[in-house]
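[1] got a predicted structure here, sequence first:
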Amino acid sequence: MTDEKSMVYRALVDTSMINERRDVHIAGLLRIMETMLEEHLLDIAMDNPRLVREQNCSWLFLSLCTEVQDDVAPGEVLLGRTWYSGRKGPLFRRELELCHEDGSRAVAASFFSGLIDLGARKIIRDRAFLERYTLPVGEILLQADSRMTADPQGYRETGRQQVRPSWLDALGHVNNARYGDMIYDQLCGENTLPPGALRRLELYFVGELRCFEEVSLLRKDEEGFSSVLGLHGATGEPTFCSRVFLDR
């Protein structure tokens, strides 16, 4: 049986992942975690290239929640672990932690994902198939939800973006770090820095964006956090929604 917690990965925090105030960039944090997850899935033979080749399916992130529990520094090497923490229907949950070299936790995260049939472009719900990818359940790190209602009421538009070819990954999906960049830029507004350091991010993927499509970006500030919403430029349908808690 796979002991996921025994697998430790090293992640370098380079200067591109930190802003001028020495706070972690949202996209930088997402890149570190995504790279570590891909390496781990390769180690346990559940990586996307293998799934595409053997089953014509792949993992699809549906939502994530992450908390920065302690500051990280440029040039620091973080030690990371990730483990399966449960499944409800077709939704798999996975935890991730990044620790300082002394073992204290800097970042905690929870991810919800599904397996998508690349031919039908639908989430796989076959129980027998999903059981193949079910592992021993580990502890849950964060209180996190798999879904968030995307209601544009009360938001104001703060920008527009067109999906560029460089944004796409090997499966033609917009890379997760690009969503981090869009969220970060809306928080900055007319400034070069957001109003505070990232402490918690909740990000929910609602609809697919394709190359050259336009996304309208909206922001709403609430007590204790800001929400950033992406709407498809042509249809007005939500593509992603998020809540960001900053240390102001």
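    All right, it came through fine. Residues are numbered from 1 along each chain as shown.

[2] this structure - how does it break down into domains?
    4-131, 156-247 (automatic domain parsing).

[3] quick one, helices of the chain?
    Listed in chain order, the helices found in the chain under DSSP state H are 26-43, 48-55, 127-131, 176-188.

[4] what's the closest of these to Gly138?
    helix 26-43 (12.8 Å; C-beta to C-beta). Where C-beta positions appear, they are placed from N, C-alpha and C, glycine not excepted.

[5] contact partners for Tyr133?
    By C-beta atoms under 8 Å, 6 or more residues apart in numbering, the contact set of Tyr133 is 46, 92, 115.

[6] with Gly89 instead?
    Arg125.

[7] from Ser58, how far out is it?
    18 Å (C-beta to C-beta, to the nearest Å).

[8] show residues contacting stretch 226-234.
    Contacts of stretch 226-234 (C-beta under 8 Å, 6+ apart): 150, 152, 155, 160, 179, 182-183, 186-187, 207, 209, 213-221, 237-244, 246.

[9] redo the domains of the chain as JSON lines? Include distance to Gly138 and mean pLDDT.
    Listed next are the domains of the chain as JSON lines, based on distance: least, C-beta to C-beta, whole Å; pLDDT from 0 to 100:
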{"stretch": "domain 4-131", "distance to Gly138": "4", "mean pLDDT": "96"}
{"stretch": "domain 156-247", "distance to Gly138": "21", "mean pLDDT": "93"}
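
[10] which one of those lies nearest to Ile140?
    domain 4-131 (5.2 Å).

[11] how about the residue positioned nearest the centre of the chain, nearest residue that isn't a chain neighbour?
    Geometric centre of the chain, nearest residue: Leu64, 4.9 Å, by C-alpha atoms, centre = their mean. Closest residue to Leu64 apart from its sequence neighbours, by C-beta to C-beta, 6 or more residues apart in numbering: Phe111 at 4.8 Å.

[12] shouldn't the one you found be in contact with Leu60?
    No - in this structure, Phe111 is not within contact of Leu60 by C-beta atoms under 8 Å, at 11.0 Å.

[13] sorry, back to before: of all the helices of the chain, which one is nearest Ser85?
    Nearest of the helices of the chain (C-beta to C-beta): helix 26-43, 13.3 Å.
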